[in-house]
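> Quick one, what's the 3D model for this:
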Amino acid sequence: MTVGAAVDVRFDVRIEPFLDYVTDLGLDHVELKREYLHGHPETPSPARVGELAETFGVTVTYHAPFRDWNLGSFNDASRAASVEQVVRTLDDAAAAGAGAVVVHGGSVPRRYPDYVRRKARENARRSLAECAAHAADVGVPLCLENQPRSDEKERHTTSPDDLAATLDAVDAGPDALRVTLDVGHAKVNGHDWRAFAERFGDRIEVVHLHDNDGTADQHLPFSGYEAVCDAVGAPYNVLEMKTVRDVETCVLGR
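A predicted model of the protein is given here:
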């Protein structure tokens, strides 16, 4: 079991100083969000990520894009382009020696007609199946995340039942398509994270750790993360903060 932090697109930091920072805090994992890799002017290649991971003694996961894309788009060309982005992320993760790729399960505006929402759900299922097949080919598990609920958009993984239904609908084995348990998303949706842990057990590969006051997905520092890590026992545990300084607040309580 490793515990670390995600590097976010809002972090004005290069990977090497960030690895210095997290390892000085006693952490031993880093999650690379695709938005950070797209946005920062100095990001390492997958091969370099692998070298840095070995040098700093950390494990690595990747997070597939979650802005400006949608695996469940009812626009078939957009859906296919989104699949391609996940495939590229899986390829980079494999080249870097990463242990997993986190992915969101798609969405569709609630105001659209039923037939549009049905197509979007089917496109999400189809996309996840294609991505999971590629994950099996490259040997890096794809980990479907429980998402925060939205008033505007129908998301397909906001509750334990919905996440289970999505996993069941996708024709993929549990080794290729696994689960990311996001503790903060569970809380803001009114679910105890234990409900996900009990439902999905050892299928949980990654845990995202952050807090909120129950009114919004705030990604606040989470002082009680160690108890969650111990209880779930997932291989990779990731503090998902809005600022670099908040990672230290989680670890040191200040």
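
> Assign residue 237 to helix, strand or coil.
strand (DSSP: H, G, I helix; E, B strand; the rest coil).

> quick one, what contacts it?
1-4, 29, 206-207, 209, 225, 228-229 (C-beta atoms under 8 Å, 6 or more residues apart in numbering). Heads up, the C-betas are built off the backbone N, CA and C, glycines and all.

> Would you mind measuring from it to residue 205?
10 Å (C-beta to C-beta, to the nearest Å).

> try residue 166
Per C-beta to C-beta, residue 166 is found 16 Å from residue 205.

> Also residue 74?
29 Å.

> so where do the helices sit in this protein?
Ranges of helices in the chain, per DSSP state H, are 15-24, 34-39, 46-56, 76-96, 114-138, 160-169, 183-188, 193-200, 225-232, 244-252.

> Give me the angle between the longest one and helix 76-96.
Spelled out, that is helix 114-138. Per axes from the mean of the first three to the mean of the last three C-alpha atoms, to 10 degrees, the angle that helix 114-138 makes with helix 76-96 is 20 degrees.

> The first one now?
For the pair helix 15-24 and helix 76-96, the angle between their directions (the same axes, to 10 degrees) equals 60 degrees.

> Could you check how many residues crowd around the closest residue to residue 69 other than its chain neighbours?
Leaving aside its sequence neighbours, residue 69 sits nearest to residue 82 (C-beta to C-beta, 6 or more residues apart in numbering; 4.5 Å). Neighbour count of residue 82, defined by other C-beta atoms under 10 Å: 26.

> distance of residue 82 from residue 112?
For residue 82, the distance to residue 112 - C-beta to C-beta - is 18 Å.

> and what of residue 1?
The gap separating residue 1 from residue 112 is 42 Å, by C-beta to C-beta.

> again with residue 143
Applying C-beta to C-beta, the value for residue 143 to residue 112 is 28 Å.

> Could you check which of the two is surrounded by more residues?
When residue 143 is set against residue 112 and neighbours are counted by other C-beta under 10 Å, the residue ahead is residue 143, at 27 against 14.

> what sits against the more buried one?
100-103, 177-180, 205-206.

> could you redo the last one with a cut-off of 10 Å?
61, 63-64, 99-103, 135, 177-181, 203-208, 234, 236 (C-beta atoms under 10 Å, 6 or more residues apart in numbering).

> Would you confirm that the residue nearest to residue 69 contacts residue 73?
Yes. Residue 82 is within contact range of residue 73, at 6.4 Å (criterion: C-beta atoms under 10 Å).

> Look up which residues are beta-bridged to the most centrally placed residue in the chain.
With distances taken as C-alpha atoms, centre = their mean, residue 102 lies nearest the centre of the chain, 3.4 Å away. Legend: beta-bridge partners of residue 102 under DSSP bridges are residue 63, residue 143.
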